[in-house]
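> Predicted model, plus sequence, below.
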Amino acid sequence: MNENIKSANPLGTQKESKLLVKFAIPCIISMLVTALYNIVDQIFIGQGIGINGNAATNITFPLSTTCTAISLLLGIGSATNVSLKLGAKEEEEAANYAGCGICLMTIFGLALFAFTSILLTPMLKFFGATAEVLPYAQEYTRIVAIGFPFLIANTGMSKLILADGSPRYSMISMLIGAIVNTILDPIFIFTLDMGMRGAALATILGQIVSFCISLRYMFHFKTIRLRRRCFRIRGNNFANIMRLGASACFNQIAMTVVQIVMNNVLSHYGASSVYGSNIPLACAGIITKVNMIFMSFVIGISQGIQPVIGFNYGAKKYNRVKKTYLLALATATFLSLIAFACFQLFPRQIIRVFGEGSELYYQFSERYFRIYMFFTLINGIQPVTANFFNSIGKSQLGIFMSLTRQILFLLPLIVIFPIFMGIDGVMYAGPIADVAAAVVCGVFTIKELRELSRLNSQQTV
């Protein structure tokens with residue numbers, strides 16, 4: 001009996017709080033690293049190039065979220081299937097999902113690089129680039145696009161590493177790449193006077209380093225063995241990866257769509273305000289990336305619980321599923337309160353980190369922070385809940401949860417409100433969308449938690 005306990009997968013036996021710490025912290029750090037790539041570039045570009053450089057990184061930001069969307073689609077999709085199959089003791093099928101996911105990451109990464117390179121200028125104009133900002137955005141994106149295949153593969157593989165029970169390795173891979181980027185940014189931008197090209201080059205070199213570290217692990221899985229036959233795209237594997245990765249992917253796609261629309265709205269209505277077009281573009285881009293730091297904690301928690309919930313749901317340990325979700329939700333809410341306090345109390349101090357500007361620049365950024373981010377305190381509910389439904393195999397609900405804030409509520413509001421309120425309408429759209437999304441998530445979550453309690457009571461009878 002002791003041997004059985006010893007050999008049991010800790011995902012099904014270890015205390016839920018310990019598992020949350022073990023898996024969520026590396027996920028948080030991985031997400032922070034992704035945010036750090038953008039923020040470090042933004043800081044050094046702001047200090048070395050100015051407002052037009054900051055605005056350019058905001059214009060190119062939809063491409064970063066597109067990379068994240070693809071990597072989460074394939075990474076979380078394959079990792080969730082791996083977790084569910086391991087929980088059901090189907091190790092060979094788990095290996096097939098891992099191999100299929102890696103193949104898809106390679107194909108999608110190369111396709112995005114080719115698409116971006118061919119349609120670069122019209123794409124950047126569509127994203128909202130003004131005549132002053134376009135040259136900076138072109139210079140930056142031409143080089144950054146080279147790193148797309150490495151970024152997608154590395155982020156996707158990190159989810160497989162996590163599902164294999166090695167969160168620390170996943171964290172180290174992402175962290176080393178970020179350190180490389182942070183060291184090279186000032187050298188390339190200031191010492192070698194390479195400007196936007198330097199920031200882009202530092203970014204892709206960091207991504208390549210992280211990719212190489214993650215690739216090494218693919219030959220050293222603990223719970224599965226990847227053979228040559230695993231690296232095939234089978235129809236059933238492909239469909240299930242897409243189904244269970246769609247929730248996280250659509251959340252990022254929704255962010256991309258909203259960012260593109262918002263850039264155009266800010267540029268249009270900013271031109272007829274005292275701020276002009278470029279100040280709103282630069283400020284909104286900075287605030288979006290600062291918010292990424294907070295969301296890295298929340299999304300990291302939501303991703304960290306995926307292997308725990310997926311394994312226990314597959315093993316029919318419903319009480320552990322419920323406890324893990326509620327613990328993750330409480331932790332995300334606590335962190336949301338801290339972020340709310342920072343955004344409300346220190347907006348000017350935060351914006352100063354990204355370079356100096358006029359008094360109008362600071363006025364807009366302070367108002368944007370305080371109004372648009374007012375309901376940050378409840379922003380942990382939606383991502384944790386969306387990934388909860390995805391982890392138990394209810395992908396349709398997970399997709400719906402992912403789309404609530406961005407597509408169902410925020411997107412229509414940032415188009416409608418400015419018609420009546422000018423550029424201020426964008427700011428007030430944010431908190432209203434946050435409240436509406438939290439209410440919708442709450443309704444579905446209560447119903448699902450009752451179902452888990454019912455299933456658990458049936459097992460104990």
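Right, received. Where do you want to start?
> Spatially nearest residue to residue 414, not counting backbone neighbours?
Spatial nearest neighbour of residue 414, chain neighbours left out: residue 429 (4.5 Å); criterion: CB to CB, 6 or more residues apart in numbering. (C-beta placed from N, C-alpha, C; glycine too.)
> so who does the one you found touch?
372, 410, 413-414, 417 (CB atoms under 8 Å, 6 or more residues apart in numbering).
> Give me the mean pLDDT for the helix or strand hosting residue 168.
Per DSSP states H and E: residue 168 is located in helix 167-186. Computed over helix 167-186, the mean pLDDT rounds to 83.
> Name the residues of it that are buried.
In terms of neighbour count (16 or more other CB atoms under 10 Å), helix 167-186 has its buried residues at 167, 169-178, 180-182, 184-186.
> just stretch 204-212 next, same as before
Buried-residue list, stretch 204-212, by 16+ other CB under 10 Å: 204-211.
> Contact partners for residue 398?
With CB under 8 Å, 6+ apart, residue 398 has these contacts: 246-247, 386-390.
> Same check on residue 277?
Residue 277 neighbours (CB under 8 Å, 6+ apart): 130, 266-268, 270-271.
> From residue 102, how far out is it?
43 Å (CB to CB, to the nearest Å).
> Now flag whichever of the contacts of residue 398 is closest to residue 364.
residue 386 (31.3 Å; CB to CB).
> which SSE is the closest one in?
With DSSP H and E as the criterion, the answer for residue 386 is helix 381-391.
> For that helix, name the packing helices and strands.
helix 51-87, helix 235-271, helix 278-314, helix 318-345, helix 395-403, helix 424-460 (3 or more CB pairs under 8 Å, 6 or more residues apart in numbering; DSSP states H and E).
> Residue ranges in the stretch 1-150 of the chain under the pLDDT threshold?
Low-confidence segments of the stretch 1-150 of the chain (pLDDT under 70): 1-9, 11, 34, 36-38, 41-42, 47-48, 50.
> thinking again about what came up before, what subset of the contacts of residue 277 is buried?
By 16+ other CB under 10 Å, those give 130, 266-267, 270 as buried.
> now, which of the residues you listed sits nearest residue 84?
residue 266 (42.1 Å).
> could I get whichever helix or strand comes after the helix holding residue 168 in CSV with only the CA atoms?
Once the chain leaves helix 167-186, the next helix or strand it forms, by DSSP H and E, is helix 195-217. What follows is helix 195-217, C-alpha atoms only, in CSV (Å, rounded to 0.1, in the frame of the first residue of the first chain):
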residue,chain,number,x,y,z
GLY,A,195,17.2,52.4,-32.0
MET,A,196,14.1,50.4,-32.9
ARG,A,197,16.2,47.8,-34.7
GLY,A,198,18.3,47.2,-31.5
ALA,A,199,15.2,46.6,-29.4
ALA,A,200,13.8,44.2,-31.9
LEU,A,201,17.1,42.3,-32.2
ALA,A,202,17.4,42.0,-28.4
THR,A,203,13.9,40.6,-28.3
ILE,A,204,14.4,37.8,-30.8
LEU,A,205,17.7,36.7,-29.4
GLY,A,206,16.1,36.2,-26.0
GLN,A,207,13.3,34.2,-27.6
ILE,A,208,15.8,32.0,-29.5
VAL,A,209,17.7,31.2,-26.2
SER,A,210,14.4,30.3,-24.4
PHE,A,211,13.4,28.1,-27.4
CYS,A,212,16.6,26.1,-27.3
ILE,A,213,16.2,25.4,-23.6
SER,A,214,12.6,24.2,-24.0
LEU,A,215,13.5,22.1,-27.0
ARG,A,216,16.0,20.2,-25.0
TYR,A,217,13.3,19.1,-22.5
